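Undergrad: sequence and predicted model, in that order:
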Amino acid sequence: MPWELVIWIVSAVMCLGLLTQWWWEPRAPFWLRRSMGAPWRWYVLGYPLTVLRMRWTWRRLCYTADLSVVRRPRYHVIGRDTMVKGSALRPLPPRLGVPRAMTTGLSVRVRLHPGQTPRQFIANAEAFIHAWRVHSVRVVSVKRGEVLILATARDLLADSAVWRRFPAPRLLAAVVGRIGDGSAWVLDFRKVPHWLVAGATQSGKSTLLASLVSELGAQPVALVGIDCKGGMELSLFARRLSALATNRAEAVAVLSALVEEVERRMAVCRSAGARSVWELDDDPRPVPVVIVVDEIAELYLAGTLAGRKEANECSTLLLRLGQLGAALGVHLVVAAQRFGSDLGPGATALRAQLGGRICHRVNDEATAEMTLGDLSPDAVVVAQAITEDEKGVAVTTIGGHWMRARSHLVTPGEARQYAEQNAHRTPDLPALARAVESGGDAA
């Protein structure tokens, strides 16, 4: 089919869609007009125009970005001793598949030439964005010899009009916000038992922790808070927390009690012949515990000899919980403004146990590298591109790939309200309460 006929057909469909929207949308019910507004305009106008731009610019874009290949060799021998280097007049771009429309953008598969790798397309994602005039482009390798290009039409993380909450899929799974494609951002502790949250001041780190505690507070889960900044952040949820440590001495006592609880659970599993608490029956199964540490540097850095001793104890206890807690229903969420080797060797060892990574806006490249570098080097660059105006936006690893995400905003009033509503769900753990009291007396 000639390209001129395709363009005429697409233009006719677009004109028909515009006329339909002009006549029908003002007469449609409010609820239907609200739910069909943005997707309707995308399907009628945005998607056809983007497809035309993709087809129109694909060959030139691949040639400019050095994604085209030539079938003939670049070097030719003339005579016996003369070699001439030249370029083919018509390089061949990779084969572009049929773009498939989605509510938030489109996806298209590209078949690679022999010798090409997905990294070449990932490096040119910025060129795709400008050529196709979309908000963002992600390149994913889903099959050998092919890449999947996901183009997002608009910034869903900045669109508060379509903000909505999602139900939690199961126990120990918290919906804390949404990711860049508009779907739910889920922190599932059954899949990823421990998490590291990094971010500078006013980057949205505390907002994420508040959203996480609010979501887990509605579940039969024991929540333990360690906030050595005097409890300024986590004290809002004091009614829902089983224990709250506000200084390093209390933190040592609480972590020691939790290590004893882990050892007790190990004995229960060993006697039952189970490898984890999830293989036990519901009746004898101990309640899951989630430990939220707000600002790890307050635990690791100390100026006095006694403080350094407590810091070493905290480092050892956290590392032990990270190594043993996953199978025993004890999980860690560690937040830090800066996370690097300057916190000591214990920080590097603990980082190896924190499989889930979330990086907000940071002030130095080392923190982004420490948070995301070992899982996805490309995500480090994306995390450093987060601006000061994008509060709550973070880069996280989901399913082995990085994704931009944004947490729900939980105000202090809402935090207290959630804590009051779910105070009756707080498990009774007397050992943790006694540990906080003993730590406060020691301090």
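TA: Great, that's in hand.

Undergrad: pLDDT score for Met54?
TA: Met54 is assigned 91 on the pLDDT scale.

Undergrad: who's in contact with the closest residue in space to it that isn't next to it in sequence?
TA: In space, and not counting its chain neighbours, Met54 is closest to Trp132: 5.7 Å by Cβ to Cβ, 6 or more residues apart in numbering. (C-beta placed from N, C-alpha, C; glycine too.) Trp132 sits next to 50, 53-54, 57, 151 when contact means Cβ atoms under 8 Å, 6 or more residues apart in numbering.

Undergrad: now, the residues you listed that are in helices?
TA: Within the contacts of Trp132, residues falling in helices by DSSP state H are 50, 53-54, 57.

Undergrad: list buried residues within those.
TA: 50, 54, 57 (16 or more other Cβ atoms under 10 Å).

Undergrad: test my guess that the second one contacts Val108.
TA: Yes: at 7.1 Å, Met54 and Val108 qualify as touching, with contact defined as Cβ atoms under 8 Å.

Undergrad: common neighbours of these two, please.
TA: 96, 99.

Undergrad: report the central residue of the chain.
TA: Thr396 (2.5 Å; Cα atoms, centre = their mean).

Undergrad: surely that residue is within a strand?
TA: Yes: counting by DSSP: H, G, I helix; E, B strand; the rest coil, Thr396 is part of a strand.

Undergrad: host element of the closest residue to it other than its chain neighbours?
TA: Nearest residue to Thr396, sequence neighbours excluded (Cβ to Cβ, 6+ apart): Ile358, at 4.7 Å. According to DSSP states H and E, Ile358 maps onto strand 356-359.

Undergrad: so which elements touch that strand?
TA: Strand 356-359 sits against strand 195-198, helix 365-372, strand 393-398, with contacts defined as 3 or more Cβ pairs under 8 Å, 6 or more residues apart in numbering; DSSP states H and E.

Undergrad: next up, the contacts around Ile296.
TA: Going by Cβ under 8 Å, 6+ apart, the list of residues near Ile296 reads 334-336, 339, 343, 347.

Undergrad: now, the residues you listed that are in helices?
TA: Ala347.

Undergrad: of the contacts of Ile296 - the most surrounded one?
TA: The most crowded member of the contacts of Ile296, judged by other Cβ atoms under 10 Å, is Phe339 (30 neighbours).

Undergrad: how near is the closest residue to Thr57 other than its chain neighbours to Glu250?
TA: For Thr57, ignoring the flanking residues on the chain, the nearest one in space by Cβ to Cβ, 6+ apart is Ala131 at 4.8 Å. In this view, Ala131 and Glu250 are 56 Å apart by Cβ to Cβ, to the nearest Å.

Undergrad: repeat that for Gly177.
TA: Distance from Gly177 to Glu250, by Cβ to Cβ: 30 Å.

Undergrad: kindly report the same for Leu96.
TA: As defined by Cβ to Cβ, Leu96 lies at a distance of 60 Å from Glu250.

Undergrad: now stretch 291-298: average pLDDT?
TA: 88.

Undergrad: start to end distance for that stretch?
TA: 16 Å (Cα to Cα, to the nearest Å).

Undergrad: also stretch 407-415?
TA: Across its full length, stretch 407-415 reaches 14 Å between end residues, using Cα to Cα.

Undergrad: so Gly177 and Glu250 - more neighbours on which side?
TA: Comparing Gly177 with Glu250 by other Cβ under 10 Å, the one with more neighbours is Gly177, at 28 against 24.

Undergrad: what's across from the more buried one in the sheet?
TA: Here Gly177 sits in beta bridges with Trp185, Ser407, going by DSSP bridges.
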